[in-house]
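Student: The following comprises the amino acid sequence and a computationally predicted model.
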Amino acid sequence: MTEALWRLSAADLHRRYREGSLTPLRVARDCLARLEAVNPRINAVVARRDPDFLAEAAAATLRFEQGAPLSAVDGIPITVKDSLFTRDLPTTWGTPALRDYRSAHDETAVERARAAGALIVGKTNVPEFALEGYTANPIFGVTRNPWDTRLTPGGSSGGAVAAVASGIAPLAIGQDGGGSIRRPASHAGLVGLKPTLGEVAREHVLPSLLLDFEVIGPFARTVTDARMLFNVMRNSGHAGLDPASKAPRRDGSRVKPGMTVLYVERFGDAPLDPQIAASVRAAVKVLEDLGHRVETGPLPVDLAFYTEAWPQIGQAGLAALFEQHPDWAAQASQKYRDMAALGSKIPASRLWQILEHVRELRRSTRALFEGIDVVALPSAAALPWPAELAYPDNIDDQPVGPRGHAVYTGWVNAAGLPGLALPCAPSREGLPIGMQLIGPHGADDLLLDLGVDYESKNPWAHRWPAL
């Protein structure tokens, strides 16, 4: 029987490349075959570079034969989210005005992955302007969840998680401005890391629509694989023009016995799917079994302001974008023009107020982590919903608005904190469910270490969708 190479982790691929039992070129060919087999059903990858991909795989094969790989991700297939610049593929941002746009540069994270030998398969689908929690746009259409193709993989990194969950590539580069790594990871049964603000430099970028909240991070099927990609993208010192990235402000802490974990199951009266509540509760029990002290209670941080303010941030960002690029506005979908119209009416004093609340949140979360080590909470409040819908309008028989499914994630971006999404036990229907671990500023390695421990007791990489 032919070995299904697409099921191998990035760590397994690297080990086998080194021992000579497998080559990057053979894996690259298998990757393209898997892409051909499953992508028509899920619409994850929307731009390809097959000739260059194979040529780079051949070069990686030669490096391993010579005993000189560039890094742990050398020869590993990856995908890149279509909101990040790539010098040899279009970056459309899911909007018609940028259908054929090509940057002269890679975004920094992409450049670093490329320099480390990672093999870019192609770009993955996003919602228009990467602003929503599902994945569909006027250029490429709807992306579907490999676990149930009637449903969404979430967004805005829906194409990225669909590609990894379906076995197209073991790694993906995503982006998280309000939960767009952690929620899709939970909907697809993957690991997703939203790094500390500034831990991965951002240069050569599309305009930001969400202040400084948007960060770049990895998707993978295991914590070890996610760390492999993260380590080649993260900063090692001064990171050029990005003012948030001039110094990697890592806290240096690692997992120690008896850490205090605050489990926050609910945010006020916001509804939570009962199956998610039960699954995450069981996952938190694993942390307790690992010897950590779990406290259950509310998040001792006031987030009420963001219920109203969060939509205004995106509206103001779109208004500024369309003022600068009226040709983009003219070709954008009507709902984004409507959002920008609302944003243009937001007074400068309101934006100043939002900025002050962000500063206060960052101060208050520093105090939060003086008494605890990690916060654990669900990644999403809802299970995946129909793929064509922007959001579920009902959770646990209660009506919700556009952010009802997303209540657990945006505050982490505003606070600039790291967050690690980890799979939990699936639902009765076999749909993935995720938990996120949040740490203090700079605690990315602490979260990854804790994720490795959790995964050793609660493995999930053997679970695959029946595509």
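Tutor: That came in fine, so what should we check first?

Student: can you dump the C-alpha coordinates of the helix or strand where Ala367 lies into CSV?
Tutor: Following DSSP states H and E, the helix or strand that holds Ala367 is helix 348-368. Provided in CSV are the C-alpha atoms of helix 348-368 (Å, rounded to 0.1, in the frame of the first residue of the first chain):
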residue,chain,number,x,y,z
ALA,A,348,-12.1,61.4,16.4
SER,A,349,-13.0,61.7,20.1
ARG,A,350,-14.5,58.2,20.0
LEU,A,351,-11.4,56.7,18.4
TRP,A,352,-9.3,58.5,21.1
GLN,A,353,-11.5,57.0,23.7
ILE,A,354,-11.0,53.5,22.2
LEU,A,355,-7.2,54.0,22.2
GLU,A,356,-7.3,54.9,25.9
HIS,A,357,-9.4,51.9,26.8
VAL,A,358,-6.9,49.7,24.9
ARG,A,359,-4.0,51.2,27.0
GLU,A,360,-6.0,50.6,30.2
LEU,A,361,-6.7,47.0,29.1
ARG,A,362,-3.0,46.4,28.7
ARG,A,363,-2.3,47.8,32.1
SER,A,364,-5.0,45.7,33.8
THR,A,365,-4.0,42.5,32.1
ARG,A,366,-0.4,43.0,33.5
ALA,A,367,-2.0,43.1,36.9
LEU,A,368,-4.1,40.0,36.1
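
Student: got a list of contacts for that helix?
Tutor: 211, 299-303, 305-306, 309, 312-313, 316, 375, 411, 414-417, 440-441 (Cβ atoms under 8 Å, 6 or more residues apart in numbering). Backbone N, C-alpha and C define where each C-beta goes, glycine included.

Student: Could you do stretch 420-428 as well?
Tutor: By Cβ under 8 Å, 6+ apart, stretch 420-428 touches 181-183, 185-186, 189-194, 223, 275-276, 279-280, 282-283, 379, 383, 432-437, 439, 447-448, 450-451, 454-455, 458, 460, 463.

Student: same deal with stretch 178-185?
Tutor: By Cβ under 8 Å, 6+ apart, stretch 178-185 touches 130, 133, 153-158, 160-161, 174-176, 190-194, 210, 213, 217, 219, 310, 379-380, 405-406, 408-410, 412-413, 419-421, 423, 434, 436.

Student: how does it look with 6 Å?
Tutor: Contacts to stretch 178-185, defined as Cβ atoms under 6 Å, 6 or more residues apart in numbering, come from residues 153-154, 156-158, 161, 174, 192, 194, 217, 379-380, 406, 409-410, 413, 419, 421, 434, 436.

Student: Let's see which of those end up in strands.
Tutor: Gly174, Gly192, Lys194, Gly217, Gly419, Ala421, Gly434, Gln436 (DSSP state E).

Student: Quick check: the second one vs Ala330, distance?
Tutor: Taking Cβ to Cβ, to the nearest Å as the measure, Gly192 falls 35 Å from Ala330.

Student: Pull out the buried residues from whichever strand or helix holds Leu342.
Tutor: Using DSSP H and E, Leu342 maps to helix 334-344. Buried residues in helix 334-344, counted by 16 or more other Cβ atoms under 10 Å: Tyr336, Met339, Ala340, Gly343.

Student: State the mean pLDDT of that helix.
Tutor: Model confidence over helix 334-344, given as mean pLDDT, is 98.

Student: could you give the angle of it to helix 348-368?
Tutor: Using axes from the mean of the first three to the mean of the last three Cα atoms, to 10 degrees, the inter-axis angle of helix 334-344 relative to helix 348-368 is 90 degrees.

Student: Helix 334-344 packs against which elements?
Tutor: helix 304-324 (3 or more Cβ pairs under 6 Å, 6 or more residues apart in numbering; DSSP states H and E).

Student: tell me the average confidence for the helix it packs on?
Tutor: Helix 304-324 comes out at a mean pLDDT of 96.

Student: Return the set of buried residues in it.
Tutor: Applying 16+ other Cβ under 10 Å to helix 304-324 flags 305-306, 309-322 as buried.

Student: packing partners for that helix?
Tutor: helix 334-344, helix 348-368.

Student: re the thing from before, residues contacting the helix holding Leu342, please?
Tutor: Gln315, Ala316, Leu318, Ala319, Phe322.

Student: let's see it at 10 Å
Tutor: Contacts of helix 334-344 with the rest of the structure, by Cβ atoms under 10 Å, 6 or more residues apart in numbering, involve 95, 127-129, 131-132, 209, 311-323, 328-333, 351, 390.

Student: For that helix, output the C-alpha coordinates as CSV.
Tutor: Output of helix 334-344 as CSV, limited to C-alpha atoms (Å, rounded to 0.1, in the frame of the first residue of the first chain):
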residue,chain,number,x,y,z
GLN,A,334,-21.9,46.6,-0.4
LYS,A,335,-21.8,45.5,3.2
TYR,A,336,-18.2,46.7,3.5
ARG,A,337,-19.1,50.0,1.9
ASP,A,338,-21.9,50.2,4.5
MET,A,339,-19.5,49.5,7.3
ALA,A,340,-17.1,52.2,6.0
ALA,A,341,-20.0,54.7,5.9
LEU,A,342,-20.7,54.0,9.6
GLY,A,343,-17.0,54.4,10.3
SER,A,344,-16.8,57.8,8.6
